[in-house]
Every structure is written in structure tokens, then in C-alpha cells.
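[1] Would you be able to build a 3D model of this:
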Amino acid sequence: MNRAHKITLAVGAVLVAGLTMLSPRVEASERVFVGLDVGPTRYYGPAPVVERRWIEGHYVTRVENVVVEPQRATREWVPEVRSTFRDANGAPYTIVTTAGYYRESVIPARVERREVQVFVPGYYEDVAVAYPAPVRPRVGIGAFFHF
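    Okay, the predicted model is just below:
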């Protein structure tokens, strides 16, 4: 605490003491509050000065995933499998070892990363052009009388 603060505290203490001595007679139903308040001041001052600026519409280049070919399902016929054997006499005969069937498969989408031009429409933007004063610490001495 520097010298100026000490002097301010001393003067304040003398003032509080003088006020309590000069105050009217204090009775049992009355109260006198004497206090010392030291600490930072909360600042509830005005908000920053804000200026509204119009931002023109413009194009912006963005990198996006673009679907080149969508996902699709395919269905294809797989023919039956036949096998040829010879009997005990050597005569050939054919049997179906696997029946024909449809095979379904999904071909995933083909996606590429591309630079895309996107138009951003005009809009207003709030820009702070002045800021409130900084918070200053305070020291206060006060006497509050309640009658």
C-alpha cells in the first residue's frame, strides 16, 4: 500500500469518527454501521460503442466432398455349376453341383474432394470501435445510519 492510500485511509477514518460523534444520540432501536470497503470496483459502465458495417455478397472457395457417382446395388445371375463324371462303364454323365442364384452386391459411392465456389450473401456485421474505460481499484470508507 503506498503513501497516498495510507493518507486516504487516515482521512477517511477521521471523517467516519467525526460523523459518528456528531450524529444524533443513538438509542437501542437505532443502528449505526461503520465500514471500510477495499477492493476492485465492478464495472457496469456502458457497453462498447458498436458500428454496423455492411459486408457485400462475395464468393468463397471451399473444399468439399462431392459425390461423383452415387451408391448403387447390382443384381447379377450366377449360373449353375455342372460337373461331368463317368460311370463304371465309362459313359459320361453330368450333374448340377451348385444351383444358379442371384448375387446382390453394393457398389459404394465415389466421392472426390473438390474446390467449390460458394456465394455468401451480403450481411451486417457489428464491429466494436470504442471500448469502456478499464476497471480501477477503489478504497471507500462509509458510515450508514439506520433509524
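
[2] going forward, measure contacts between C-alpha atoms and count neighbours the same way
    Will do.

[3] What lies in contact with the one helix or strand Y93 maps to?
    Element membership of Y93 [criterion: DSSP states H and E] is strand 92-98. For strand 92-98, contacts defined as CA atoms under 8 Å, 6 or more residues apart in numbering pick out E80, V81, R82, S83, T84, F85, R86, D87.

[4] Number of residues surrounding T8?
    Residues near T8, counting by other CA atoms under 10 Å, number 14.

[5] quick thing: my sequence starts at 360, can you match it?
    Let's use 360 as the start, then, which means that last one is T367.

[6] quick one: it is in a helix?
    Yes. Assessed with DSSP: H, G, I helix; E, B strand; the rest coil, T367 lies in a helix.

[7] Identify the spatial nearest neighbour of E439, chain neighbours not counted.
    In this structure, E439 finds its nearest non-sequential neighbour in G459, 3.8 Å apart by CA to CA, 6 or more residues apart in numbering.

[8] what separates that neighbour from V440, distance-wise?
    Between G459 and V440 the computed distance is 7 Å (CA to CA, to the nearest Å).

[9] so A458 makes contact with W436?
    No. Counting by CA atoms under 8 Å, A458 stays clear of W436, with 11.0 Å between them.
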